[in-house]
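**Student:** sequence plus predicted model, see below.
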Amino acid sequence: MVKRHYRGRNKIILLVDRRPIRLSLQENSSESDNEERASTDESKNDRVRLFPHEEGNWALSIYAFVDCSSHMDTMIDDLLEIFNEKQEIWKRLGELHLSLSKTFPIRFLHIESIRKSLQDELTTSMNRFATHIENVTILNNEDSSTSFLVFTVDQHRQISRLVEIVDKILKEHRYPCYYKNPCFHVSFAYSTANNRQEKLPLDWQEKCQSIFKQYQCQPSSMMIPIDDICLKAGKRVYHLTKSS
């Protein structure tokens with residue numbers, strides 16, 4: 001809502017702008033939604049916004065924070081050596097997470113209500129668990145401007161339960177729910193190069209499995225605890241369930 005004040009000789013006129021917020025988010029369960037944090041800073045990288053900036057709107061997303069262990073960190077470096085062997089077109093993402101919502105514009109005044117509702121619901125309904133990395137694949141964002149290298153994970157039923165909780169709160173506040181048939185994943189690199197691969201070649205799949213075998217003796221490289229659910233609005237991060 002935009003308010004404008006005009007001062008006349010003997011009175012003040014208040015005009016209220018009630019134009020609706022327009023959302024232009026396309027549903028596609030095979031796409032990656034991990035561009036939410038990096039894509040908003042257009043001056044620092046080559047990523048593209050999924051929706052235009054509008055004053056008064058904040059980009060909101062909900063996700064499980066992934067604490068990258070030293071073994072997982074090294075494994076990602078080894079994987080990127082494969083993907084960038086001929087040409088360095090894949091760039092590593094700075095933070096790992098598992099998305100539980102889309103990224104969408106929200107009015108600032110709604111953030112606290114959603115945060116509190118989510119925290120209350122998760123406190124009573126969430127059971128902490130761990131998911132494991134199963135494979136590597138490539139996913140694309142909604143407008144196909146960016147491709148992501150991602151880890152696919154197991155424990156779909158428990159992750160789906162978290163999404164149901166998030167969807168319930170977002171629906172109550174009239175914001176978009178998550179994709180209908182999501183591919184739960186953790187992105188670790190991205191590319192906007194014109195000559196990038198949009199599907200994982202067979203030889204890359206075989207090399208990835210070989211690296212996974214090397215790290216199987218280090219559980220922290222393949223296991224992801226799901227215990228820190230976050231809400232990010234703009235640059236603010238709220239930890240809703242962080243373990244003590």
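**Tutor:** Yep, it's here.
**Student:** doesn't residue 76 belong to a helix?
**Tutor:** Yes. Secondary structure of residue 76 (DSSP: H, G, I helix; E, B strand; the rest coil): part of a helix.
**Student:** skipping adjacent residues, who's closest to it in space?
**Tutor:** Excluding its sequence neighbours, the residue lying closest to residue 76 (Cβ to Cβ, 6 or more residues apart in numbering) is residue 188, at 5.1 Å. In short, each C-beta sits where N, CA and C put it, glycine included.
**Student:** quick one, what contacts the one you found?
**Tutor:** By Cβ atoms under 8 Å, 6 or more residues apart in numbering, the contact list for residue 188 reads 76, 79, 92-93, 96, 149-151.
**Student:** now list the buried members of those.
**Tutor:** 76, 79, 93, 96, 149-151 (16 or more other Cβ atoms under 10 Å).
**Student:** out of the residues you listed, flag the one nearest to residue 176.
**Tutor:** residue 150 (21.4 Å; Cβ to Cβ).
**Student:** next, the buried residues of stretch 149-163.
**Tutor:** Here stretch 149-163 shows 149-153, 155, 158-159, 162-163 as buried, counting by 16+ other Cβ under 10 Å.
**Student:** picking up where we left off before, can you classify the residue nearest to residue 76 as helix, strand or coil?
**Tutor:** strand.
**Student:** and what of residue 210?
**Tutor:** helix.
**Student:** what about it, neighbour count?
**Tutor:** 11 (other Cβ atoms under 10 Å).
**Student:** and it, how far is that from residue 173?
**Tutor:** 46 Å (Cβ to Cβ, to the nearest Å).
**Student:** what does residue 184 give?
**Tutor:** For residue 184 relative to residue 173 (Cβ to Cβ), the value is 23 Å.
**Student:** just the CA atoms of stretch 71-90, as PDB, please.
**Tutor:** Provided in PDB are the C-alpha atoms of stretch 71-90 (Å, rounded to 0.1, in the frame of the first residue of the first chain):
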ATOM      1  CA  HIS A  71      34.700 -33.700   3.900                       C
ATOM      2  CA  MET A  72      31.600 -32.500   1.900                       C
ATOM      3  CA  ASP A  73      33.500 -29.400   1.000                       C
ATOM      4  CA  THR A  74      36.400 -31.400  -0.400                       C
ATOM      5  CA  MET A  75      34.100 -33.800  -2.300                       C
ATOM      6  CA  ILE A  76      32.400 -30.800  -4.000                       C
ATOM      7  CA  ASP A  77      35.800 -29.500  -5.100                       C
ATOM      8  CA  ASP A  78      36.600 -33.000  -6.600                       C
ATOM      9  CA  LEU A  79      33.200 -33.000  -8.400                       C
ATOM     10  CA  LEU A  80      33.800 -29.600  -9.900                       C
ATOM     11  CA  GLU A  81      37.100 -30.700 -11.300                       C
ATOM     12  CA  ILE A  82      35.200 -33.200 -13.400                       C
ATOM     13  CA  PHE A  83      32.600 -30.600 -14.600                       C
ATOM     14  CA  ASN A  84      35.300 -28.000 -15.300                       C
ATOM     15  CA  GLU A  85      37.800 -30.300 -16.800                       C
ATOM     16  CA  LYS A  86      37.600 -28.900 -20.400                       C
ATOM     17  CA  GLN A  87      36.300 -25.400 -19.600                       C
ATOM     18  CA  GLU A  88      35.700 -23.600 -16.400                       C
ATOM     19  CA  ILE A  89      32.000 -22.700 -16.700                       C
ATOM     20  CA  TRP A  90      30.600 -24.000 -13.400                       C
END
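**Student:** which other residues reach that stretch?
**Tutor:** 68, 92, 136, 149, 188-191, 193, 195-196, 204, 207-208, 211, 214-215, 218, 220-222.
**Student:** my guess is residue 92 contacts residue 191. True?
**Tutor:** No. Applying Cβ atoms under 8 Å, one finds residue 92 not in contact with residue 191, separated by 10.7 Å.
**Student:** I'm done for today, thanks for sticking with me.
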